[in-house]
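Undergrad: coordinates only, sequence not included:
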């Protein structure tokens, strides 16, 4: 058990007292974001609560196989009795949902990232947990909330994606035990694995191959870039670039990989991966955050070349 009992009971009190509940995660949602929000919302609905999932951003195609996505909706209220922020502990990371959180009567945070400073009525931040879905499972289990097969599948998908298929260092015996319990509860593991790792479109593979072939190596570090032009050339999404930073990190002799992704309005997002180095420190120093060996942050520059030079300077200065 990783969650303080007092905090757990406080969360149940907030839930029981609320007539309306909303759940939001951070912008650019990943598997743990979507899995944890949809799973907790489903459990709360089955518990008898009205619960909306704030669909404030677009979901990448690779996650569109997940069940219950119809509940990730742009049809939401201006305020709620209880506003839950999952997989994020920085208010500016929830995008358009900030005003809803500020207007709501009560707020609570459930997260596992290092360095969260958000002010709420209840913070459940367990930074040695590898996934928010692991924490949501513990909440559902200990509070005896409903856990059906779809909820179990969503939680399993979130754990699998945020642990790199159980590869990252913060995976523990507890993580494997929870995965086993989710399987017992009916999580469709083969469905999750097939859709995440055995259904890659050919144009995505070609996109990844071009990025890898253009990667730049600096001793035990490697840099790759996903431009808007490259995304448009291969008719993919920017989110399809994310596997490249992992593939480059996995090369022999490489300790740290960096991926720069070009977004609109002079914003460039950086993804960092490592084998042993704490890259979350670098991410936090640049206004971001994340896991010890998988983190990210944003750069704001007037053009792609300047953003690339700034990113390369940061990469070369990471101590390893």
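TA: Nice, I can see it. Predicted model only: the values in this text are computed from it and were never measured. Numbers count the residues shown, from 1 in each chain.
Undergrad: tell me the contacts of residue 247?
TA: Contacts for residue 247 were tallied using CB atoms under 8 Å, 6 or more residues apart in numbering; they are 208, 212. (C-beta placed from N, C-alpha, C; glycine too.)
Undergrad: how far away from the center of its chain is the helix or strand encompassing it?
TA: Assignment of secondary structure by DSSP states H and E places residue 247 within helix 242-249. Centroid separation for helix 242-249 versus its chain: 16 Å, with CA atoms, centre = their mean, to the nearest Å.
Undergrad: what's the angle from whichever helix or strand comes after it to helix 242-249?
TA: Using DSSP H and E, the helix or strand that directly follows helix 242-249 along the chain is strand 256-262. Taking axes from the mean of the first three to the mean of the last three CA atoms, to 10 degrees, strand 256-262 and helix 242-249 form an angle of 150 degrees between their directions.
Undergrad: now residue 235, nearest residue through space, not along the chain?
TA: Spatially, and ignoring its direct neighbours in sequence, residue 235 is nearest to residue 203 (5.7 Å; CB to CB, 6 or more residues apart in numbering).
Undergrad: my read: residue 224 touches residue 257, true?
TA: Yes. Here residue 224 reaches residue 257: they are 7.3 Å apart, a contact under CB atoms under 8 Å.
Undergrad: which one's more surrounded, those two?
TA: residue 257 (27 against 23; other CB atoms under 10 Å).
Undergrad: so what sits opposite that one in the bridge?
TA: In this entry, residue 257 is beta-bridged to residue 222, residue 273, by DSSP bridges.
Undergrad: then the one 10 residues further on?
TA: Under the criterion DSSP bridges, residue 267 forms beta bridges with residue 300.
Undergrad: biggest helix in this structure, by residue count?
TA: Longest helix in the chain by number of residues (criterion: DSSP state H): helix 31-46.
Undergrad: that helix: how far from the chain's middle?
TA: Here the centre of helix 31-46 is set off from its chain's centre by 13 Å, with CA atoms, centre = their mean.
Undergrad: packing partners of it?
TA: Applying 3 or more CB pairs under 8 Å, 6 or more residues apart in numbering; DSSP states H and E, one finds that helix 31-46 makes contact with strand 20-24, strand 50-54, strand 72-73, strand 82-86, helix 132-142, helix 149-162.
Undergrad: how does it look with 10 Å?
TA: For helix 31-46, the elements it packs on are strand 20-24, strand 50-54, strand 72-73, strand 82-86, strand 106-111, helix 132-142, helix 149-162, helix 189-197, judged by 3 or more CB pairs under 10 Å, 6 or more residues apart in numbering; DSSP states H and E.
Undergrad: winner for burial among those?
TA: strand 82-86 (a mean of 29; mean count of other CB atoms under 10 Å).
Undergrad: so for the helix or strand just after that strand, what gets flagged as buried?
TA: Beyond strand 82-86 in the direction of the C-terminus, DSSP H and E gives the next helix or strand as helix 98-103. By 16 or more other CB atoms under 10 Å, the buried positions in helix 98-103 come out as 100, 101.
Undergrad: if you count contacts, what does the lowest-mean-pLDDT helix or strand in the chain end up packed against?
TA: Each helix and strand of the chain was given a mean pLDDT (mean pLDDT, DSSP states H and E); the minimum falls on strand 289-290 at a mean of 79. For strand 289-290, the packing partners by 3+ CB pairs under 10 Å, 6+ apart come out as strand 267-274, helix 280-285, strand 294-300.
Undergrad: output the contacting helices and strands for the longest one.
TA: Yep, that's strand 267-274 we're talking about. On a contact count with 3+ CB pairs under 10 Å, 6+ apart, strand 267-274 meets strand 221-226, helix 242-249, strand 256-262, helix 280-285, strand 289-290, strand 294-300, helix 304-316.
Undergrad: 6 Å instead?
TA: Helices and strands touching strand 267-274, by 3 or more CB pairs under 6 Å, 6 or more residues apart in numbering; DSSP states H and E, are helix 242-249, strand 256-262, strand 294-300.
Undergrad: so that strand versus strand 294-300, what angle?
TA: Here strand 267-274 points in a direction 160 degrees away from that of strand 294-300 (the same axes, to 10 degrees).
Undergrad: what's the mean pLDDT across strand 267-274?
TA: For strand 267-274, the mean pLDDT works out to 96.
Undergrad: ok, now how distant is residue 301 from residue 103?
TA: Distance, residue 301 to residue 103, by CB to CB, to the nearest Å: 34 Å.
Undergrad: ok, residue 147 next?
TA: For residue 147, the distance to residue 103 equals 31 Å [CB to CB].
Undergrad: and if you look at residue 130?
TA: Using CB to CB, one gets 33 Å for the distance from residue 130 to residue 103.
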